[in-house]
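Trainee: I would like the atomic coordinates for the input below:
(4 chains)
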Number of protein chains: 2
Amino acid sequence: MPGPRAPAEKRREDILRAAFAIAARERLGGVSARAVAAEAGVSPGLVFFYFESIDQLLVALLDWMLAQTFAATDFSNRLADVSDPAARMMLAIRRDVAWLPKQRERVELFFDYWVLGTRHPAVRRTIRHALDRYRASFVPLAGALVASDVERYSGVTAEGLAAVAASFVEGCALQIVMDPTQFDAERSMATLASLVRSPAAVA
Amino acid sequence: MPGPRAPAEKRREDILRAAFAIAARERLGGVSARAVAAEAGVSPGLVFFYFESIDQLLVALLDWMLAQTFAATDFSNRLADVSDPAARMMLAIRRDVAWLPKQRERVELFFDYWVLGTRHPAVRRTIRHALDRYRASFVPLAGALVASDVERYSGVTAEGLAAVAASFVEGCALQIVMDPTQFDAERSMATLASLVRSPAAVA
DNA sequence: ATCGTTATTGATTGCGCGATCAATGAGCCC
DNA sequence: GGGCTCATTGATCGCGCAATCAATAACGAT
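Mentor: Predicted coordinates:
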């Protein structure tokens, strides 16, 4: 009755890929053992052989997605080419906001996981960690910006500015996912640029 | 076998309240016909008598919650007392961000509904509409702010600024629900205030 | 007091789910 | 090629769910 065998790593990967295909199509609610098995062309029992439960499969899928996502974005842009701190910060934000619509599937899935995380401690920890890393990634840029014009940014800390930048991008993600037709990324970016630019540049 | 009767409107309300009580406790996943009936002290069949399906009960519950939420916030604060446009805008944002932790249940439920909206067009429409209304509620404030200093805010439209404000608040909502201990609302507010304040105030 | 309407009941049906497990055969070592 | 390991199968269990419906009693009308 058993079919052909495959290396353990490949099978795990096959099942994760199948789970992702379904999740991208029908979101997390569509990821059931039967559906994943059918998509991967294996029997339902095998899913539980490689992942003890569906919850654990979902956690593994989240890790898998996050690893892929960070690998894809971390070094995709030459931020170092821009010397002006304000422009660097804006470019970083713009890069992330521009990335959102292209990867809408993943952004939507991430929110699905975020909702799941409110009930599922392991998922919550993973997501918190990812969001913290994201916020932290803005700290050096924010620090340079604050240092570049201490008068203009008096009372602003690097951490505080990084948190606001992260909030902004996450808010944009939310709006893109909720209603892509209404949200105008360019307009929001232009508005943010006007707010951040220094008084010297205005005058 | 039937128990005592009640006016149709009261029964509907009873069932909605029961559904909300469960949703606040166990989220949307806990809202089943049996659970709602038990909470309301009626039989499961009665739920389907007043709401044709569970989906329709959930839609009715969403409408009910949104009506309550808007009724509770719209007139809770005397924005009109503040004459400076920048301060007015900041106060509006601060009021909403301060409201989030107190109503965490509702915010979480709102995101649950977003997930439900994936499968359910009526829910999706309702949520989009609510978010649009929210963003639109910032437009008058943003318009006054832009008009108060056309030089400082050149290139900024009322709609754009309103969208950014909404993004910011929604981003705060995400962070507060996911990790209330990490998110420092006051720090974010102070940072935002520094960004928005006019050059005149800085000098 | 009787009757018709209808709100209310709870047993029931059928479904999809997560999870289990005995049976099975593919691949590997000697 | 014999035998061992274990990856793979698919039937199966038990559960909770949404939804249905015949039976029933509460209530207003007459």
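
Trainee: Could I get the contacting residues of A:Ile54?
Mentor: Taking CB atoms under 8 Å, 6 or more residues apart in numbering or on different chains as the criterion, A:Ile54 is in contact with A:31-33, A:47. Every C-beta, even on glycine, is put in place using the N, C-alpha and C of the backbone.

Trainee: the bottom helix or strand of chain A by mean pLDDT?
Mentor: Lowest on mean pLDDT, DSSP states H and E among the helices and strands of chain A sits helix A:199-202, with a mean of 45.

Trainee: and chain A, which residues reach DNA strand D?
Mentor: Within chain A, the residues that sit near DNA strand D (CB under 7 Å from any atom of the strand) are A:1-6, A:8, A:11, A:42-46, A:49.

Trainee: mind listing the strands for chain A?
Mentor: Applying DSSP state E to chain A gives no strands.

Trainee: what stretches of it score poorly on pLDDT?
Mentor: Low-confidence segments of chain A, defined by pLDDT under 70, span residues A:71-77, A:79-80, A:197-203.

Trainee: same thing but at 80, please
Mentor: Of all residues in chain A, those with pLDDT under 80 make up the ranges A:1, A:70-81, A:195-203.

Trainee: Just give the nearest non-adjacent residue to the closest residue to DNA strand D within it, would you?
Mentor: Using CB to the nearest atom of the strand, A:Gly45 is the residue of chain A that sits closest to DNA strand D, at 2.0 Å. The shortest distance from A:Gly45 to any residue that is not its chain neighbour, by CB to CB, 6 or more residues apart in numbering or on different chains, is 8.0 Å, and that residue is A:Ala37.

Trainee: Can you give me every residue that contacts A:Ala144?
Mentor: Contacts for A:Ala144 (CB under 8 Å, 6+ apart) come out as A:85, A:88-89.

Trainee: Distance to DNA strand C added to the residues you listed, as CSV?
Mentor: Converted to CSV, the contacts of A:Ala144 look like this (distance: CB to the nearest atom of the strand, whole Å):
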residue, distance to DNA strand C
A:Pro85, 49
A:Arg88, 45
A:Met89, 43
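
Trainee: can these go into CSV with extra columns for distance to chain B?
Mentor: CSV is the format used below for these (distance: CB to the nearest CB, whole Å):
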residue, distance to chain B
A:Pro85, 14
A:Arg88, 16
A:Met89, 11
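
Trainee: wait, which of the residues you listed is closest to A:Arg135?
Mentor: Closest to A:Arg135 out of the contacts of A:Ala144 is A:Met89 (13.7 Å), distances taken as CB to CB.
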